[in-house]
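Engineer: coordinates for the following, if possible.
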Amino acid sequence: MCENRKVVVTGLGVVSPVGSDVDSAWERLVSGCNAIGPITYFDTTNYKAKLGAQVRDFDPLTYMEHSEILRSDRYAQYAIGAAVQAVEESGVIGTLPPDRIGVYFGSGIGGLNTVSVEIGKLENRGPHRVSPLCVPMMIPNMAAGMIAIRYHCQGAALPAVTACASGSNAIGEALRAIRHGYADAMITGGAEASIVPVGIAGFVNMKALSLSQDPDAASLPFDARRAGFVIGEGAAALVLEEYAHAKARGAKIYGEVCGYGSTCDAYHITAPHPQALGGAKAMEQALTEAGYTGSETVYINAHGTGTPLNDVGETLAIKKALGQARAAAALVSSTKSMTGHMLGAAGAMEALVCLKVLQTGLVPPTINLNQPDPACDLNYVPNTAVRAKVDLCISNSLGFGGHNASLAFRRV
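Structural biologist: Numbering: from 1, shown residues only. You can find the predicted model right below:
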């Protein structure tokens, strides 16, 4: 197989709390639009956490037949919506043999709503009432499978299931598949739809969620008041393509995926390593692959969940990876302040943000950062977007289980 082929992005798609197409989502992000609000999917009276970042403007019938919707969980519907946008923009289907296009699509949890509904049927109405589609609707590989079926992609079709790093790991492994010659194009990204009663209850009881009932005081990355993340949902998709093929067919190119790092803390199932060793190493790997020299203007889309441990640890990881002076000069922001934490979709959403930063020269803010934590002392672009000619973008994702993934992007 060939090695070190250049890989670029030729299509983007998104279904998110800030919008279900790329242009509207980007406009709202750079405007500092907060998509967090009361959860409306179910009655939250008995739940300590009452806020979420729901997808509000998505109609699956735009992308799927009614019969297909009935056979799929909401997370897979989001995945299809984002993938259709990205693939249609790219125009890659039909330019390659089917076995040279693959699908790597991540989800941290998969069809949690399906699991909840079908367990309710089992307990209340008996085993004969459980849907025969329960298993295919709930498993986290089904988004990748459905996208592959939709576009007849006969290359590898795999999920990445690494909690909050799922979307980033899917993109990174898709990069490697093309770089080393196993595919010429990949549909990749992540999807999640876990704003369901058992999901909220589970995250609340492990003390991970913000209990604030004020949308502007809930998701607070790097702020001294932060006390947990706000759960989000949605999907983002990228079409990755071998550069020579994309250029030859005149494809629109958003940028190059030029680096990827993937590590494990091997420390704790939920807490990050206190010295941020794994997070720093993943960033170092991505920076090395990207050919980072230290002279570039760098933007980092931080994992930035707004949990007490994550934000201090990630700040430390950035300093270790870049060095103190270069970290201080970098632009860092957490778009989770607006989208909430989209879990397995977060890394893909934030990769999309990095590509738009390169394209537009606009860096989205970390909103509601009004009381900076002294332990988080980098430039987090508080409250208002800034203009900057960024040379290199890094997207960080850190997941339960100690999974760390970093992606690097450059203009072509």
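
Engineer: rest of the way, CA atoms for contacts and neighbours
Structural biologist: Will do.

Engineer: show me where this structure has its helices.
Structural biologist: Ranges of helices within the chain are 22-30, 66-70, 74-90, 112-125, 134-138, 142-151, 166-179, 197-205, 243-248, 277-289, 308-322, 324-329, 336-339, 346-360, based on DSSP state H.

Engineer: which outside residues touch the first one?
Structural biologist: Helix 22-30 is contacted by residues 12-14, 16, 18-19, 335, 338, 353, 356, 362-365, 384-385 when judged by Cα atoms under 8 Å, 6 or more residues apart in numbering.

Engineer: so which of the helices of the chain comes closest to Gly234?
Structural biologist: helix 74-90 (5.8 Å; Cα to Cα).

Engineer: can you give me the offset of that closest one from its chain's centre?
Structural biologist: The chain centroid and the centroid of helix 74-90 are separated by 14 Å under Cα atoms, centre = their mean, to the nearest Å.

Engineer: next one: Gln359 from Val117, what distance?
Structural biologist: As for Gln359, its distance to Val117 is 42 Å (criterion: Cα to Cα, to the nearest Å).

Engineer: hmm, back to that, ok, and the most crowded of the contacts of helix 22-30?
Structural biologist: Using other Cα atoms under 10 Å as the neighbour criterion, Val14 leads the contacts of helix 22-30 with 35 neighbours.

Engineer: so that residue sits right up against Met349, yeah?
Structural biologist: Yes: using Cα atoms under 8 Å, Val14 is in contact with Met349, at 7.3 Å.

Engineer: now Ala317. Nearest residue, chain neighbours left out?
Structural biologist: Ala280 (4.3 Å; Cα to Cα, 6 or more residues apart in numbering).

Engineer: what about the one you found, neighbour count?
Structural biologist: Neighbour number of Ala280 under other Cα under 10 Å is 26.

Engineer: next one: Gly181
Structural biologist: Gly181: 16 neighbours (other Cα under 10 Å).

Engineer: repeat that for Gly126.
Structural biologist: Around Gly126 there are 11 residues (other Cα under 10 Å).

Engineer: equivalent analysis for the one 10 residues further on, please.
Structural biologist: Taking other Cα under 10 Å as the neighbour definition, Pro136 ends up with a count of 17.

Engineer: can you check Ser262 too?
Structural biologist: 24.

Engineer: and if you look at the one 5 residues further on?
Structural biologist: Applying other Cα under 10 Å, we find 13 residues neighbouring Tyr267.

Engineer: wait, it sits on His273?
Structural biologist: Yes: between Tyr267 and His273 there is a contact at 6.1 Å, judged by Cα under 8 Å.

Engineer: any common contacting residues for the two?
Structural biologist: Gly402.

Engineer: circling back to that earlier point, contacting residues for the residue nearest to Ala317?
Structural biologist: Leu316, Ala317, Ile318, Lys320, Ala321.

Engineer: ditto for Tyr299
Structural biologist: Ala330, Leu331, Val332, Cys354, Val363, Val390, Leu392, Cys393, Ile394.

Engineer: what does Glu192 give?
Structural biologist: 75-76, 78, 107-110, 233-235, 342-345.

Engineer: just the buried ones from these, in ChimeraX syntax?
Structural biologist: A single ChimeraX command suffices to select whichever of those are buried according to 16 or more other Cα atoms under 10 Å:
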select :75,76,78,107,108,109,110,233,234,235,342,343,344,345
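
Engineer: got the contacts of Glu192 as a markdown table, with distance to Pro136 and pLDDT columns?
Structural biologist: Converted to a markdown table, the contacts of Glu192 look like this (distance: Cα to Cα, whole Å; pLDDT from 0 to 100):
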| residue | distance to Pro136 | pLDDT |
| --- | --- | --- |
| Tyr75 | 12 | 98 |
| Ala76 | 11 | 98 |
| Tyr78 | 16 | 98 |
| Ser107 | 14 | 98 |
| Gly108 | 16 | 98 |
| Ile109 | 14 | 98 |
| Gly110 | 10 | 98 |
| Glu233 | 20 | 98 |
| Gly234 | 19 | 98 |
| Ala235 | 19 | 99 |
| Met342 | 22 | 98 |
| Leu343 | 21 | 98 |
| Gly344 | 18 | 98 |
| Ala345 | 20 | 98 |
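
Engineer: distance to Met137 added to the contacts of Glu192, as JSON lines?
Structural biologist: Shown next, in JSON lines, are those (distance: Cα to Cα, whole Å):
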{"residue": "Tyr75", "distance to Met137": "9"}
{"residue": "Ala76", "distance to Met137": "8"}
{"residue": "Tyr78", "distance to Met137": "13"}
{"residue": "Ser107", "distance to Met137": "13"}
{"residue": "Gly108", "distance to Met137": "15"}
{"residue": "Ile109", "distance to Met137": "12"}
{"residue": "Gly110", "distance to Met137": "8"}
{"residue": "Glu233", "distance to Met137": "17"}
{"residue": "Gly234", "distance to Met137": "16"}
{"residue": "Ala235", "distance to Met137": "17"}
{"residue": "Met342", "distance to Met137": "20"}
{"residue": "Leu343", "distance to Met137": "19"}
{"residue": "Gly344", "distance to Met137": "17"}
{"residue": "Ala345", "distance to Met137": "18"}
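
Engineer: just the ones of the contacts of Glu192 in strands?
Structural biologist: Gly234, Ala235 (DSSP state E).

Engineer: how far away is Gly291 from Thr270?
Structural biologist: Distance from Gly291 to Thr270, by Cα to Cα: 32 Å.

Engineer: overlap in contacts of Val14 and Met349?
Structural biologist: Common neighbours of Val14 and Met349 (criterion: Cα under 8 Å, 6+ apart): Ala235, Ala236, Ala237.

Engineer: tell me what the last one is bridged to.
Structural biologist: With DSSP bridges applied, Ala237 shows beta-bridge pairing to Gly13, Gly189.

Engineer: next, count neighbours for it.
Structural biologist: Other residues close to Ala237 by other Cα under 10 Å number 34.
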